[in-house]
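Quick one, structure for this:
(2 chains)
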Protein chains: 2
Amino acid sequence: MATLVVLGSGIMATALATPFTDNGNEVRLVGTHLDREIIDSIKNTGVHPNLNLEVPPNVTAYQLEEAAEAFDGVDLVMSGVNSFGVDWAGEQLAGLLRPGMHVIALAKGMQADDDGNLTILPRALMAHLPDDLRDQVSISAIAGPSIAGEVAMRRHTCVVFTGENPEVLDLWRDLFATDFYHVWTSSDFVGVEVCAATKNCYAFGAGFMHGQLDALDEDDPQYVNFNYGAALFGQASVEMTQFMDLLGGQPSTVLGLPGIGDCFVTSMGGRNVKVGRLVGAGLTFTEARDRMPGVTLEGAAAIKVIGDAFERLTERGVLQPDQFPLLRHLHEVVAKDRAVNVPWKTFFGANGSGV
Amino acid sequence: MATLVVLGSGIMATALATPFTDNGNEVRLVGTHLDREIIDSIKNTGVHPNLNLEVPPNVTAYQLEEAAEAFDGVDLVMSGVNSFGVDWAGEQLAGLLRPGMHVIALAKGMQADDDGNLTILPRALMAHLPDDLRDQVSISAIAGPSIAGEVAMRRHTCVVFTGENPEVLDLWRDLFATDFYHVWTSSDFVGVEVCAATKNCYAFGAGFMHGQLDALDEDDPQYVNFNYGAALFGQASVEMTQFMDLLGGQPSTVLGLPGIGDCFVTSMGGRNVKVGRLVGAGLTFTEARDRMPGVTLEGAAAIKVIGDAFERLTERGVLQPDQFPLLRHLHEVVAKDRAVNVPWKTFFGANGSGV
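Numbering: from 1, shown residues only, chains lettered A, B, ... in the order given. Prediction:
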């Protein structure tokens, strides 16, 4: 029996306990300082209040101050925080990890330095470790189309585990894979993580199709706006491929689960799409965000980080101004409160397939 | 002012009259023998009954026996029939076309010979023309994510015009492109048309995610089945790319509008998805089809044609048995009334990105 300690008790981190414990393993779920009520609920009732489901029996919940106890004697660690918690989690793990441990991370997003150089989040997490410790632990990540509740309900889900070491990825796969949770592995760490981050950006744009229809104010329109959404989705797939050129991933990673598949599921709903819908209907991003107080908007945050970095990269001549027209428009909407006005004519390159 | 004669008055052929006539042009819409009531309705009331909208003012409707009158003095021809009407339309056009005419076709699907060699439908259409005439007319096609009613409602729509002659494609683009109907051109005729045909196959599979959920018989399930659909969608994008290898299209054509974009919009709903949903819920394909009498199921028909051809191509050693596992499973469901049992383990190649 293997034991996994999870730092962060959000819905995805908790949902992943289902396949892991279905394989006869044990999970120790450690809440962050923001998760106090979640941990209390699991301790008292067994129910994760945001997931609205009972956690599996082999899950034990710990408050943050019990973290050292939870980490005791464990080799397998999941960083379960979201993109806003990565630096915090890195600082915590710097004190909790020991040589030989294996870490797998969930957060999706990017960080950038002042020159616009972009970094995937598992690397940002590990940057907080002392150099000698960092060389003695492995880092992997989980990506691919996964709505947390569906994983917890044991609905068929196909994902990609990614990292630099194929043997470590096989270890993680064997621990998690079940008859409903299907795991592939990819050593294109950068490519998979860049897809995972940027799909959140483009899913924000998917909300526009609904919002633009809302703005027409038609009662029960017989024809909706899927052509609009499909065109944005197509341009997203083109730009994801261009991200591979820019940041060093494999173009083939965009196909299948990590890019197209994950972008599909993320575009089907959720907070990202909801705020995109409000903006598509005519609110500024600031107004839309203010209507959703307390809601974390990782897609919008990723658009801000990447779009800001693109301005630096364009100044430096690394990017041309006509590259990534959709991502740049999303950035205008999110960072500059501009109205949605999709620059269709700039899409798809010369032949409609983007290349 | 240009005049376009359209053979076939289905919803897509009729919807395309909107951008064409918005540019100051005229459309002559000729019904097939199956379209008699549609043409009567347009002549009497101006309304296309299936589209449930008025046709634009510069559209004149003709019954089939008035076809010669409609074709008189016209250089631009649209074959507006669906995949079931392509051979019939080719026979009609053999008597109606004259040298110098330009033809643009809408039908999506494939035909195969007894050895399993697959042909795109614009070529199948032209095969009915006498050899000397065929060399003196051009053939192009319209593809990309377009729900007909949305085009007729002037919702933003991005499409690809494809064919072998870039100058002819530019001519067609200039006639159709408007502020809402955005046109790109691609000379990857085979690639674009193969994407257009196969997206109908994979959209049938998209219905499974809803059907499998229906079969669980949960009242108002809080978690649905998008992970399942996203995995199928990802595998569809992988297999579309493999179709390019098999049939000679450009892999980049799968990205953007012709492949991913069109597969997205087709997966959002329609008859294909509806029958896929019934099968996903547990009916055999024969039972599901019998519940939808009189409904044309182009996706299922394309699955039958392509899957049958794959059996020949596999016997001949052109294909390996482990290639195209999703398309082959769809074929088992449609042609052999097998139950849905998605072969997840065979998907995505070794690294989860299909390559």
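
What about the closest residue to chain B within the stretch 51-200 of chain A, how many residues nearby?
Distance from chain B to each residue of the stretch 51-200 of chain A (CB to the nearest CB) is smallest for residue A:184, at 2.9 Å. For the C-beta atoms, the positions are set from N, CA and C on the backbone; glycine is no exception. Neighbours of residue A:184 under the rule other CB atoms under 10 Å in any protein chain shown: 26.

Ok, residue A:292 next?
Applying other CB under 10 Å, we find 13 residues neighbouring residue A:292.

Give me the phi and psi angles of it.
Phi and psi for residue A:292, reported as degrees, to the nearest 10, are phi -130, psi 60.

With adjacent residues omitted, what lies nearest to it?
Nearest residue to residue A:292, sequence neighbours excluded (CB to CB, 6 or more residues apart in numbering or on different chains): residue A:275, at 6.1 Å.

Identify the residues contacting the one you found.
The contact partners of residue A:275, by CB atoms under 8 Å, 6 or more residues apart in numbering or on different chains, come to A:204, A:207, A:285, A:288, A:289, A:292, A:295, A:297, A:299, A:300.

any idea which of these is closest to residue A:70?
Closest approach to residue A:70 among the contacts of residue A:275 (CB to CB): residue A:295, at 28.3 Å.

Hmm, the closest one is touching residue A:272, no?
No: if you go by CB atoms under 8 Å, residue A:295 and residue A:272 don't touch, sitting 10.1 Å apart.

who's more crowded, those two?
residue A:272 (25 against 10).

What mean pLDDT does whichever strand or helix holds that one get?
Residue A:272 belongs to helix A:271-280 when assigned by DSSP states H and E. Averaging pLDDT along helix A:271-280 yields 94.

so after that helix, what's the next helix or strand?
helix A:285-290.

and the stretch 51-200 of chain A, which of its residues are near chain B?
With CB under 8 Å from any CB of the partner chain as the criterion, the stretch 51-200 of chain A meets chain B at residues A:52, A:144-147, A:149-153, A:155-160, A:182, A:184-188, A:191-192.

Mark which of the residues you listed are part of strands, please.
Among these, DSSP state E puts A:157, A:158, A:159, A:160, A:182, A:184, A:185, A:186 in strands.

burial of the last one, as a residue count?
The one in question is residue A:186. Residue A:186: 27 surrounding residues under other CB under 10 Å.

Isn't it up against residue A:192?
Yes: in this structure, residue A:186 is within contact of residue A:192 by CB under 8 Å, at 5.3 Å.

Need the overlap of contacts for the two.
In terms of CB under 8 Å, 6+ apart, residue A:186 and residue A:192 are both contacted by the residues A:160, A:162, A:253, A:258, B:353.

quick one on the thing from earlier: name whatever forms a beta bridge with the residue of the stretch 51-200 of chain A closest to chain B.
residue A:160 (DSSP bridges).

which non-adjacent residue is nearest the most centrally placed residue in chain A?
Nearest to the geometric centre of chain A sits residue A:108, at 2.9 Å (CA atoms, centre = their mean). Closest residue in space to residue A:108, ignoring its immediate chain neighbours: residue A:196 at 4.4 Å, by CB to CB, 6+ apart.

Pull up the gap between the residue of chain A most remote from its centre and residue A:328, please.
Distance from the C-alpha centroid of chain A peaks at residue A:219, with 35.1 Å (CA atoms, centre = their mean). According to CB to CB, to the nearest Å, residue A:219 and residue A:328 sit 35 Å apart.

repeat for residue A:76
Taking CB to CB, one finds residue A:76 at 40 Å from residue A:328.

Looking at these two, which is more packed in?
residue A:328 (22 against 19).

who's in contact with that one?
Listed by CB under 8 Å, 6+ apart, the contact set of residue A:328 reads A:307, A:310.

circling back: out of the residues of the stretch 51-200 of chain A next to chain B, which end up buried?
Buried by 16 or more other CB atoms under 10 Å in any protein chain shown: A:144-147, A:149-153, A:155-160, A:182, A:184-186, A:188, A:191-192, out of these.

can you list the domains in chain A?
If you go by automatic domain parsing, the domain ranges for chain A are A:3-187, A:190-346.

Can you tell me the closest non-neighbouring residue to residue A:178?
In space, residue A:178 is closest to residue A:19, 4.6 Å off (CB to CB, 6+ apart).

ok, now how distant is that neighbour from chain B?
Look at residue A:19 and chain B: by CB to the nearest CB, to the nearest Å, they are 12 Å apart.

Past the host helix or strand of that residue, which element shows up next along the chain?
Assigned by DSSP H and E, residue A:19 falls within helix A:17-22. Using DSSP H and E, the next helix or strand after helix A:17-22 towards the C-terminus is strand A:26-30.

in its sheet, what does that next one sit against?
In the sheet, strand A:26-30 lines up with strand A:3-7 (parallel), strand A:59-62 (parallel) (DSSP bridges).

Good, wrapping up.
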